[in-house]
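Visitor: I would like the atomic coordinates for the input below:
(chains A and B)
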Amino acid sequence: MVSLAAEGYNPANFIQDIINEDKQTGRHDGRVHTRFPPEPNGYLHIGHAKSICLNFGSAAFNGGLCNLRFDDTNPTKEEDEYVEAIKADVRWLGFDWDDRLFHASDYFDQLYEWAIKLIDKGKAYVDDLSPDEIREQRGTLTEPGKESPYRNRSVEENLDLFRRMKAGEFPDGARVLRAKIDMASGNINLRDPVLYRILHAEHHRAGSKWCIYPMYDYAHPLSDAIEGITHSICTLEFEDHRPLYNWLTEQVEVPDRPQQIEFARLNLTNTLTSKRGLRRLVQEGYVGGWDDPRMPTLSGVRRRGYPPEAIRSFCGEVGVAKTNSLVSFAQLEHSVREFLNRTAPRMMAVLRPLKVTLTNYPEGQTEEFEVENNPEDPAAGTRPVPFSRTLYIEQEDFMEEPPPKYFRLAPGREVRLKGTYFIKCQEVVKDPATGQVVELRCTYDPETRGGEAPDGRKVKATIHWVSAAHAGDATVRLYDNLFLTENPAEGGDFIANLNPKSLETLTGCKVEPGVAGAAPGSRYQFLRHGYFCIDPDSTPETLVFNRTATLRDTWAKVSGK
RNA sequence: UGGGGCGUAGCCAAGUGGUAAGGCACGGGACUUUGGAUCCUGCAUUCGUUGGUUCGAAUCCAACCGCCCCAGCCA
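Guide: Residues are numbered from 1 along each chain as shown, chains lettered A, B, ... in the order given. Sure thing, here's the model as predicted:
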């Protein structure tokens, strides 16, 4: 039985190979315990989804557990607003941490005790050098660093100074606690890395209890150890930190040392996946907020209408490896369409209305047709759709001078109105001032009721429609890539790569009456258009729809549009 | 010029000495009351390069080339 969390998890990856081997050799007593460790300094994005699916998915797949842990070691950057949003996003994606919600800040006391232990062992020291001096003495990529003059202080003096750091006797930046490892190491992370810094700042959870805070490199491996994590999965840029990770768990002598494993983060074409960059888009007003449907944040794609199931299967499909990669956005859209095609109820919506009068249809008459809700899923049933003399069809479904291979309506041409009758265009009414086509006067063939002609004649197109008197009004937001370039972060300023046409808002759209009253978040397929999702901005009078994704459009290819 | 990684199709990615999975994209055809979906079908004589080992190499060895990451008291 595969749990929901493991659904979509693709075990064909090198991390699963490691887990398999560990289970076989009995490492970690055969346990698998992972964690997803976000810093609450921004909103989760699609890149985090890959990590969430990997951590929760691999744990579930292997009969293990996955914790949610907030890596809140820097009080100057972290806020409660973010922790709540992150929890909501992880839940929405479909994962559950049960009672295993943790914070690195839960461990500050233990972490402090272990720092004392390191000092006692002569493995850590208080350094009085300024940040600039430490940087200067760290050396360069090719030159070794210099040892600090404070490196060989006595254990007693270090203990005293560290306690006084904690007691608040020194200002920010005055001193730090450093690990004593190797200033000549080729790995810069091993050149006596800073373990604790002084920060007189209010912590979102710990309040003002502390004025010294552990660095990520110190807190992370030890938090993993405290939680009994077996496989600590992180991204490639931390590969260089692994020796330090191992050094720390060895020095504090924890019983079952966790192992860090690195994989390549997700990059998507035409999208920005850096918290810093996304924050800038929000703060400088390039988008409407973290949940703007153009944002790759989980809150953004949710509002856009992406189903969590689609994101999970996408994460399984792209796999997990160590190669830096840039996944095509089309791959994500494929997963979204694949899920929505199976599940989204169909609806007819006319985005750019063109009035059609059926001249031979009795005035004042209304018929109801039962139309299938989803041809992919007969169990979805049918819905009644009202039909009358005056209708709207899509402007682009008529051409006065149709090019070859255009099968839709044209003067004298017959097409099928989805689910109802064949209609034939008899007359084109134009605005005398502008020459714009404002109305089509057509006849319908009563013999074709239901959409088939008894005489066997065929029609080359079926178009969607909506009854003018019954239709609801809607605003429709059409979204396109936020960025014009494949890799917006590459080179200079990504702001220059912003797509000025990433949002087009259509008003006066006409939708089937059946959608009235639907809740925000409801997803539909608008026939021949794509998938749409009701936005919370909707009012009782006017629904607002966000386009999730278009349908594949082979006519666009043929016509070269 | 130090350290750590990575190179399999346009994009992802399996493959772990026995003769290149799969998905996306793309092309062709069938079917179609969504120009959707579905269904067939095509798409790497070759795995960064060059040598070597072997009956046999994407897999082992060597050298070279290319790309990514690291010099926060950020994570």
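
Visitor: tell me the residue of chain A that sits nearest RNA strand B?
Guide: A:Gly451 (2.0 Å; Cβ to the nearest atom of the strand). From N, CA and C alone the C-beta is placed, and that goes for glycine too.

Visitor: which residues does the helix or strand harbouring A:Asp22 contact?
Guide: Assigned by DSSP states H and E, A:Asp22 falls within helix A:14-25. When contacts are defined by Cβ atoms under 8 Å, 6 or more residues apart in numbering, helix A:14-25 is touched by residues A:27-28, A:30, A:32, A:54, A:58, A:61-62, A:230-231, A:233, A:259, A:261, A:263, A:320-322.

Visitor: which among these end up buried?
Guide: Among the contacts of helix A:14-25, those buried by neighbour count (16 or more other Cβ atoms under 10 Å) are A:27-28, A:32, A:54, A:58, A:61-62, A:230-231, A:233, A:259, A:261, A:263, A:320.

Visitor: identify those among the residues you listed that sit within strands.
Guide: Counted as lying in strands by DSSP state E, out of the buried ones among the contacts of helix A:14-25, are A:231, A:233, A:259, A:261, A:263.

Visitor: so which of the residues you listed comes closest to A:Lys424?
Guide: For those, the closest approach to A:Lys424 (Cβ to Cβ) belongs to A:Phe263, at 60.0 Å.

Visitor: correct me, but the closest one touches A:Asn324?
Guide: No - the pair A:Phe263 / A:Asn324 is not scored as a contact, 10.8 Å apart, by Cβ atoms under 8 Å.

Visitor: all helices of chain A, in order?
Guide: For chain A, the helices defined by DSSP state H cover A:14-25, A:46-61, A:80-93, A:108-120, A:131-137, A:155-167, A:216-227, A:242-251, A:275-283, A:298-304, A:308-318, A:329-343, A:554-559.

Visitor: in TSV: these, plus mean pLDDT.
Guide: Shown next, in TSV, are those (pLDDT from 0 to 100):
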stretch	mean pLDDT
helix A:14-25	97
helix A:46-61	98
helix A:80-93	97
helix A:108-120	98
helix A:131-137	97
helix A:155-167	98
helix A:216-227	98
helix A:242-251	98
helix A:275-283	95
helix A:298-304	98
helix A:308-318	98
helix A:329-343	98
helix A:554-559	89
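
Visitor: mind putting the ones you listed into CSV with distance to A:Arg441?
Guide: Formatted as CSV, the helices of chain A follow (distance: least, Cβ to Cβ, whole Å):
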stretch, distance to A:Arg441
helix A:14-25, 65
helix A:46-61, 49
helix A:80-93, 49
helix A:108-120, 77
helix A:131-137, 79
helix A:155-167, 85
helix A:216-227, 71
helix A:242-251, 75
helix A:275-283, 49
helix A:298-304, 39
helix A:308-318, 43
helix A:329-343, 36
helix A:554-559, 25
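
Visitor: so which of those comes closest to A:Lys405?
Guide: The closest of the helices of chain A to A:Lys405 is helix A:554-559. By Cβ to Cβ, the value is 5.6 Å.

Visitor: so is the closest one next to RNA strand B?
Guide: Yes - residues of helix A:554-559 contacting RNA strand B under Cβ under 7 Å from any atom of the strand: A:554-555, A:557-558.

Visitor: then stretch A:295-311?
Guide: No - using Cβ under 7 Å from any atom of the strand, stretch A:295-311 never reaches RNA strand B; the gap is at least 12.1 Å.

Visitor: ends of that stretch, how far apart?
Guide: Using Cα to Cα, to the nearest Å, one end of stretch A:295-311 lies 15 Å from the other.

Visitor: buried ones in it?
Guide: In stretch A:295-311, counting by 16+ other Cβ under 10 Å, buried: A:295-311.

Visitor: so what would you say the end-to-end distance of stretch A:540-560 is?
Guide: 39 Å.

Visitor: please apply the same query to stretch A:521-538.
Guide: Span of stretch A:521-538 from end to end, Cα to Cα: 11 Å.

Visitor: which outside residues touch it?
Guide: Stretch A:521-538 has contacts (Cβ under 8 Å, 6+ apart) with A:293, A:302-305, A:307, A:336-337, A:340-341, A:343-349, A:351, A:374, A:394, A:418, A:463-464, A:476-477, A:515, A:518-520, A:543-551.

Visitor: residues contacting the closest residue to A:Gly514 other than its chain neighbours?
Guide: Counting by Cβ to Cβ, 6 or more residues apart in numbering, the nearest residue to A:Gly514 once its immediate chain neighbours are dropped is A:Arg383, at 5.2 Å. Going by Cβ under 8 Å, 6+ apart, A:Arg383 touches A:345, A:370-371, A:373, A:514.

Visitor: could I get the pLDDT score of A:Arg383?
Guide: Per-residue confidence (pLDDT) for A:Arg383: 98.

Visitor: how about the one 4 residues further on?
Guide: If you check A:Phe387, the pLDDT there is 98.

Visitor: got a list of what it touches?
Guide: Neighbours of A:Phe387 in contact, by Cβ under 8 Å, 6+ apart: A:366-369, A:420, A:467.

Visitor: which among the residues you listed end up buried?
Guide: A:369, A:420, A:467.

Visitor: mind putting these into JSON lines with pLDDT?
Guide: Output for the buried ones among the contacts of A:Phe387, formatted as JSON lines (pLDDT from 0 to 100):
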{"residue": "A:Phe369", "pLDDT": "98"}
{"residue": "A:Thr420", "pLDDT": "98"}
{"residue": "A:Ser467", "pLDDT": "98"}
